[in-house]
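Peer 1: Take a look and give me a structure for this.
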Amino acid sequence: MKYRRFDHTADIGVRIFGETLKSLFEHGAEALFSLISGGGSAEKSAIVTLAIAGDTLEDLFMNWMKRLLFEFNGNERLIIRAVILSLSENSLEAELWVVPFDPHIHEIQNEIKAVTYHGLIVEKRGEGWFAQVIFDV
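Peer 2: Have a look, this model is predicted:
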């Protein structure tokens with residue numbers, strides 16, 4: 001299981017699982033865009049490379065999720081796939097496969113307004129990694 005949605009008062013929460021820290025961040029992107037639009041096709045129309053930094057691992061994860069949400073809200077693009085190219089505790093570089101949002105093609109399932117720090121968890125658990133994030137809807 002990559003992620004599991006849970007309800008939170010007036011918000012949506014997601015618990016994300018990854019065998020590696022890299023897969024945790026990739027599954028976080030998948031979870032966010034699945035909530036927004038139900039996911040997308042494997043086709044890619046453009047590739048965006050970005051670098052993200054954070055003071056801690058939790059901060060890095062939060063900045064990652066906020067930047068992904070900006071791709072939709074600010075740049076009007078849906079992310080089809082996110083690939084982490086490099087990752088440390090304080091920075092990452094990623095490649096995003098994006099398609100322009102088209103309301104005639106894409107259906108919005110949840111309008112996500114923001115990523116919140118409330119209930120944020122990023123930690124190693126057993127042999128894998130776990131994250132929890134709550135989205136303001």
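Peer 1: right, and the helix or strand after the helix or strand of the chain with the lowest mean pLDDT?
Peer 2: Averaged element by element with mean pLDDT, DSSP states H and E, the chain has its least confident helix or strand at strand 3-8 (a mean of 73). Downstream of strand 3-8, the next assigned helix or strand under DSSP states H and E is strand 11-18.
Peer 1: For the closest residue to residue 19 other than its chain neighbours, give me the pLDDT.
Peer 2: Taking CB to CB, 6 or more residues apart in numbering as the measure, residue 19 lies nearest to residue 128, with 5.1 Å between them; neighbours along the chain are not counted. Where C-beta positions appear, they are placed from N, C-alpha and C, glycine not excepted. Reading off the confidence values, residue 128 has pLDDT 97.
Peer 1: Does residue 128 touch residue 16 like I think?
Peer 2: No. Taking CB atoms under 8 Å as the contact criterion, residue 128 and residue 16 are not neighbours in contact, 10.5 Å apart.
Peer 1: residue ranges of the strands in the chain, please?
Peer 2: With DSSP state E as the definition, the chain shows strands at residue ranges 3-8, 11-18, 46-53, 77-87, 91-100, 114-125, 128-136.
Peer 1: want to throw the ones you listed into CSV with distance to residue 31 and mean neighbour count?
Peer 2: CSV is the format used below for the strands of the chain (distance: least, CB to CB, whole Å; neighbours: other CB atoms under 10 Å):
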stretch, distance to residue 31, mean neighbour count
strand 3-8, 4, 14
strand 11-18, 5, 19
strand 46-53, 17, 13
strand 77-87, 11, 18
strand 91-100, 15, 18
strand 114-125, 11, 14
strand 128-136, 8, 19
